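> pasted the sequence and its predicted model underneath.
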Amino acid sequence: MNPKDVKILLVEDNPDDVELTLRAFEKHNLTNEIIIARDGEEALDIMFQRNGKNPDHWVPDLILLDLKLPKVNGIEVLEQLKTDSGTKMIPVVVLTSSKEEKDLVESYRLGVNSYIRKPVDFEKFIAVVMQLGLYWLLLNEAPLRK
């Protein structure tokens, strides 16, 4: 799969983290189709075509999910994604500032594919996003979806 063909749903409410993530992907030419959901409810609306969101049923190849979100938190989003037969195979990477062990444990219990704590340092954050992109978009092999 060409990285330019990859679709990502970025679920993040912090505008600075959104900007850094987009810059990291752009800088390393990893993808050109990223949709941003600014809260958990919007992410679920996009994924399940609710409230007029995503009428063409755009399906991401990867979901980057923050846990501390307004409206519906990331754990609830993860649970709904991983219990639905139409979305459970989409890789979900939690990218969060949460240092709570219970968030880590609950995320894996629900079926997250990877859990990464966001570095607070700008350069480290960019490096983490780049490595994340290289792994999930270039190295990882996912099953074909119908």
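Thanks, I have it.

> who are the contact partners of residue 63?
8, 9, 11, 43, 81, 90, 91, 92, 93 (C-beta atoms under 8 Å, 6 or more residues apart in numbering). (Each C-beta comes from the backbone N, C-alpha and C, glycine too.)

> pretty sure residue 20 sits against residue 122.
Yes: with contact defined as C-beta atoms under 8 Å, residue 20 reaches residue 122; the gap is 7.1 Å.

> measure residue 42 to residue 98 for me?
20 Å (C-beta to C-beta, to the nearest Å).

> so those two - more neighbours on which side?
residue 42 (23 against 18; other C-beta atoms under 10 Å).

> who touches that one in this structure?
So residue 42 contacts 11, 53, 71 (C-beta under 8 Å, 6+ apart).

> next, count neighbours for residue 70.
So residue 70, with other C-beta under 10 Å, has 11 neighbours.

> for the closest residue to residue 47 other than its chain neighbours, give me the pLDDT.
Of all residues not flanking residue 47 in the chain, residue 87 sits nearest, at 5.7 Å (C-beta to C-beta, 6 or more residues apart in numbering). On pLDDT, residue 87 comes in at 94.

> swap in residue 1?
Confidence score, pLDDT, at residue 1: 51.

> could you do the one 5 residues further on as well?
Per-residue pLDDT puts residue 6 at 77.

> circling back: next step: the contacts of residue 63 restricted to strands.
Mapping those onto strands (DSSP state E) picks out 8, 9, 11, 92, 93.

> how about the second one, what does it touch?
This points to residue 9. By C-beta under 8 Å, 6+ apart, residue 9 lies in contact with 34, 35, 37, 43, 46, 47, 60, 62, 63, 64.

> if we can go back for a sec, the residue nearest to residue 47 in helix, strand or coil?
Under DSSP: H, G, I helix; E, B strand; the rest coil, the three-state class of residue 87 is coil.

> sec struct for the residue nearest the centre of the chain, please.
By C-alpha atoms, centre = their mean, the mean C-alpha position of the chain lies nearest to residue 64, the distance being 1.3 Å. The three-state label given to residue 64 by three-state DSSP is strand.
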